[in-house]
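Student: curious how this folds, go ahead:
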Amino acid sequence: MNDVKTTRREFVATTAGAMAGMAAGIQSLAHAALDAGKPPLPIDSSKILNYNENMEYRRLGKTELMVSAVCLGGHARSDLKERTEIISRCIDLGINYIDACWDNEVIRDAKALKGRRDKMYLALSHGAKEVRNEEYRTSKKLLEALDELLKASEQEYTDLWRITCLEPGGRHSFDTSCEIVDALTKAKKQGKARFVGISSHDRRWLKFMIEYFPEIEVILFPFTTMSRVAPTDSLFPAIKQCDVGAFGIKPFGAGSLFSGNKAEDLRRARLAIRYILASNTVIPIPGANSLEEVDNLALAVKERRALDVKEQAELEVIGRHMWATLPPRYQWLKDWEYV
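Tutor: Numbering: from 1, shown residues only. The predicted structure follows:
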């Protein structure tokens with residue numbers, strides 16, 4: 001990209017700063033996302049893909065897409081047959097968005113959606129051949145990887161290309177940031193991606209990216225039951241000001257939220273989804289391995305949104321246990337206690 005607007009020193013200064021402060025709680029999340037007292041705008045259901053009156057839909061920032069309040073993540077243990085059944089149930093329930101970030105997930109989900117692409121948005125990333133891999137930190141290589149994945153999954157385009165960036169907790173150089181945005185912009189101009197975005201585990205870098213590059217339309221970041229709005233330098237005001245869509249990954253703490261008891265775990269999952277939806281900003285994209293789990297996600301959307309005092313206290317205890325039992329490779333989730 002030739003229109004570089006800042007120096008590398010300014011880039012480092014903009015993205016620096018430590019995460020600190022106390023958790024603000026569920027109500028603070030909501031207040032960070034909405035203007036107090038402003039009534040919701042009426043929704044034209046005729047413009048919502050795969051609309052179901054029992055599902056809630058939310059505007060995905062400046063993409064203007066209306067996506068279901070809970071969506072389907074790509075990480076799952078399902079084979080193609082099981083995944084096809086899960087996607088069919090999602091369609092029945094009005095869920096209209098799938099996120100897949102590895103080539104095998106994208107290929108599987110594209111096959112499961114064959115003949116039904118008009119019912120679901122399908123987002124993709126070629127995680128192993130994007131900027132986490134040093135070989136793919138140029139616009140040219142990123143576009144080659146996109147072409148490769150579109151061909152392998154027999155798609156002419158993707159609804160959202162969201163490049164998977166350094167994780168955990170790493171941020172890219174200014175040059176790499178420019179290459180990322182250049183690739184996204186070209187893919188959109190070429191008709192290979194309807195909308196574009198990035199996924200990262202670094203809050204401060206994400207904040208810089210959406211404030212500096214208006215081309216970015218959607219971001220993905222971790223958001224669990226332990227996530228709170230940061231008391232200073234929060235990502236939430238930037239999301240609102242830049243009108244960027246926001247998806248939350250790992251809503252169940254990589255499975256550490258659960259106890260092993262099926263009925264109890266379904267209940268915990270609903271509590272977590274309700275908590276995240278109360279942010280009025282973050283749209284959770286959990287994985288689902290069964291029809292029962294999909295049904296449970298839809299049920300959570302229909303349940304009372306606000307958690308009462310007892311539920312908040314319970315979720316805090318569950319969350320602390322989740323934090324204590326995170327596998328070693330998911331310890332970075334603790335960096336997302338403040339958002």
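Student: which SS class is Glu156?
Tutor: coil (DSSP: H, G, I helix; E, B strand; the rest coil).
Student: that one against Leu150, yeah?
Tutor: Yes: counting by CB atoms under 8 Å, Glu156 touches Leu150, with 7.0 Å between them. C-beta: built from backbone N, CA, C; applies to glycine.
Student: what's the overlap in contacts for those two?
Tutor: When CB atoms under 8 Å, 6 or more residues apart in numbering defines a contact, the residues bordering Glu156 and Leu150 alike are Lys192.
Student: who's more crowded, the two?
Tutor: Leu150 (21 against 8; other CB atoms under 10 Å).
Student: so which strand or helix has that one?
Tutor: In the assignment (DSSP states H and E), Leu150 maps to helix 139-152.
Student: now Asn96: closest residue in space, sequence neighbours ignored.
Tutor: Distance criterion CB to CB, 6 or more residues apart in numbering; nearest residue to Asn96, sequence neighbours excluded, is Asn50 at 4.2 Å.
Student: tell me the secondary structure at the one you found.
Tutor: With three-state DSSP as the criterion, Asn50 reads coil.
Student: extract the CA atoms of the helix holding Leu150 and return them as PDB.
Tutor: Taking Å, rounded to 0.1, in the frame of the first residue of the first chain, the C-alpha atoms of helix 139-152 are listed here in PDB:
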ATOM      1  CA  SER A 139      -0.600  -9.100  -0.200                       C
ATOM      2  CA  LYS A 140       0.400 -11.300  -3.100                       C
ATOM      3  CA  LYS A 141       0.800 -14.400  -1.000                       C
ATOM      4  CA  LEU A 142      -2.400 -13.800   0.900                       C
ATOM      5  CA  LEU A 143      -4.400 -13.400  -2.300                       C
ATOM      6  CA  GLU A 144      -2.800 -16.600  -3.600                       C
ATOM      7  CA  ALA A 145      -3.900 -18.500  -0.500                       C
ATOM      8  CA  LEU A 146      -7.400 -17.100  -0.900                       C
ATOM      9  CA  ASP A 147      -7.600 -18.300  -4.500                       C
ATOM     10  CA  GLU A 148      -6.300 -21.700  -3.400                       C
ATOM     11  CA  LEU A 149      -9.000 -22.100  -0.800                       C
ATOM     12  CA  LEU A 150     -11.800 -20.800  -2.900                       C
ATOM     13  CA  LYS A 151     -10.800 -23.400  -5.600                       C
ATOM     14  CA  ALA A 152     -10.500 -26.200  -3.100                       C
END
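Student: show me what it is packed against.
Tutor: helix 103-112, strand 158-164, helix 174-189 (3 or more CB pairs under 8 Å, 6 or more residues apart in numbering; DSSP states H and E).
Student: now do the longest one against helix 139-152, angle only.
Tutor: I take that to be helix 174-189. 40 degrees (axes from the mean of the first three to the mean of the last three CA atoms, to 10 degrees).
Student: okay, buried residues for helix 174-189 please.
Tutor: 174, 176-188 (16 or more other CB atoms under 10 Å).
Student: again with stretch 320-339
Tutor: 322-323, 326, 330, 332-333, 336, 338-339.
Student: and if you look at stretch 134-150?
Tutor: In stretch 134-150, counting by 16+ other CB under 10 Å, buried: 136-139, 141-143, 145-146, 149-150.
Student: kindly report the same for stretch 70-85.
Tutor: 70-76, 78, 83-84.
Student: in the chain, what secondary structure element scores lowest on mean pLDDT?
Tutor: When each helix and strand of the chain is scored by mean pLDDT, DSSP states H and E, helix 8-15 comes last, with a mean of 40.
Student: is it true that Pro284 touches Phe223?
Tutor: Yes: in this structure, Pro284 is within contact of Phe223 by CB under 8 Å, at 7.1 Å.
Student: any residues in contact with both of the two?
Tutor: By CB under 8 Å, 6+ apart, the residues touching both Pro284 and Phe223 are 248, 251, 276.
Student: residues touching the first one, list them.
Tutor: To tie it back to what came earlier, the one meant is Gly248. 220-223, 227, 276, 282-285.
Student: now the second one
Tutor: The neighbourhood of Pro251, defined by CB under 8 Å, 6+ apart, consists of 223-225, 272-273, 276, 284-286.
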